[in-house]
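Visitor: I need the structure of the sequence given here:
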Amino acid sequence: MKCVETSAYIPCGMFSFYHIGNKEDIIFKISLKTLVEILNIFGDDGNPNLKLTYKSIGSPLCLVMKHNQENITVDCEIRTMNLDDCNDISLADECDLNKMVINASILADLLQRLDNLADEITLTMSPDPPYFTLKTTGIAGESEVNISKSSESVTVFKCEETVTAQYNFGNIRQILKVMTYANKVAISTGPSGLLGLQLVINSDDKHMYVEYYVTSLFIPD
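Guide: Predicted coordinates for the structure are as follows:
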């Protein structure tokens, strides 16, 4: 329903070899489902090596994966498509009113404590106590957790004005899958209710970033 936008930023230093021939950005579209299925061919077994190559516009994305233990090589091609025209809108500018940075494992634990059968989750960020609130209402009743800006798990808290908005809890639960690998999460909101979540993932002293923007169901009065 186009209510969530996700971006993953993987620096070239994460690869053992990275080369762009013409020194220009290469942009194309592929089936996410197909890509994920190929990457999961070996499951969690073997820690395979992955080689990605792309020749030119209209060419397929080529993937070669080699199982380190069984000496098995998988060679696949994914059809590429031209990128649809999209508006050049910076979503970061839409949720730059309030921001906090929190330990990812703490936030994941708090989200899991809420009623996971609930359809919606309400988020409040305020310059006044209790500062940050997550609340769900479901069959089991009402669940609520609060985080103070003085908590040891919070490293940054900047809040200009109170913003309360409601979101599809299913969209937030999907982010939990990545949050288990993250170290820090930056949470930002704006007057429109747009929610921004930036996850920092560390691997061998290198940083990767995953960024989510989630639209609100509505903003309560």
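Visitor: And the strands in this structure?
Guide: Along the chain, the stretches classed as strands by DSSP state E are 4-9, 49-54, 61-66, 73-78, 98-103, 120-125, 132-138, 141-147, 154-159, 163-168, 184-189, 195-203, 206-214.
Visitor: Output these as CSV; include the columns mean neighbour count and distance to residue 24.
Guide: C-beta: built from backbone N, CA, C; applies to glycine. Output for the strands of the chain, formatted as CSV (neighbours: other C-beta atoms under 10 Å; distance: least, C-beta to C-beta, whole Å):
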stretch, mean neighbour count, distance to residue 24
strand 4-9, 13, 18
strand 49-54, 13, 13
strand 61-66, 16, 17
strand 73-78, 13, 21
strand 98-103, 20, 33
strand 120-125, 20, 40
strand 132-138, 19, 42
strand 141-147, 15, 44
strand 154-159, 16, 35
strand 163-168, 20, 37
strand 184-189, 22, 30
strand 195-203, 18, 27
strand 206-214, 17, 22
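Visitor: Quick one, which of those gets closest to residue 18.
Guide: Evaluated over the strands of the chain, closeness to residue 18 peaks at strand 49-54, with 9.6 Å, by C-beta to C-beta.
Visitor: strands paired with that closest one, and their directions?
Guide: Applying DSSP bridges to the sheet, strand 49-54 is found paired with strand 61-66 (antiparallel).
Visitor: What are the contacting residues of the partner strand?
Guide: Contacting residues not belonging to strand 61-66 are listed as 28, 30, 38-39, 41-42, 48-54, 72-78, 80 [C-beta atoms under 8 Å, 6 or more residues apart in numbering].
Visitor: try stretch 67-74
Guide: So stretch 67-74 is in contact with 38, 41-42, 45-49, 63-66, going by C-beta under 8 Å, 6+ apart.
Visitor: could I get the strands of the chain as CSV with distance to residue 109 and mean pLDDT?
Guide: CSV is the format used below for those (distance: least, C-beta to C-beta, whole Å; pLDDT from 0 to 100):
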stretch, distance to residue 109, mean pLDDT
strand 4-9, 22, 92
strand 49-54, 32, 94
strand 61-66, 34, 95
strand 73-78, 37, 95
strand 98-103, 9, 97
strand 120-125, 15, 95
strand 132-138, 12, 92
strand 141-147, 9, 92
strand 154-159, 14, 97
strand 163-168, 19, 94
strand 184-189, 12, 96
strand 195-203, 15, 93
strand 206-214, 19, 93
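Visitor: Mind putting the ones you listed into TSV with distance to residue 21?
Guide: Converted to TSV, the strands of the chain look like this (distance: least, C-beta to C-beta, whole Å):
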stretch	distance to residue 21
strand 4-9	22
strand 49-54	10
strand 61-66	15
strand 73-78	19
strand 98-103	38
strand 120-125	45
strand 132-138	47
strand 141-147	48
strand 154-159	40
strand 163-168	42
strand 184-189	34
strand 195-203	27
strand 206-214	24
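Visitor: Among those strands, which comes closest to residue 110?
Guide: Taking C-beta to C-beta, strand 141-147 is the member of these nearest to residue 110, at 4.7 Å.
Visitor: Show me what the closest one is packed up against.
Guide: Using 3 or more C-beta pairs under 8 Å, 6 or more residues apart in numbering; DSSP states H and E, the elements in contact with strand 141-147 are helix 104-113, strand 132-138.
Visitor: closest to residue 208 out of these?
Guide: helix 104-113 (12.9 Å).
Visitor: got the angle for the closest one vs strand 184-189?
Guide: Helix 104-113 and strand 184-189 are oriented at 60 degrees to each other (axes from the mean of the first three to the mean of the last three C-alpha atoms, to 10 degrees).
Visitor: Having no further points to raise, I will conclude here.
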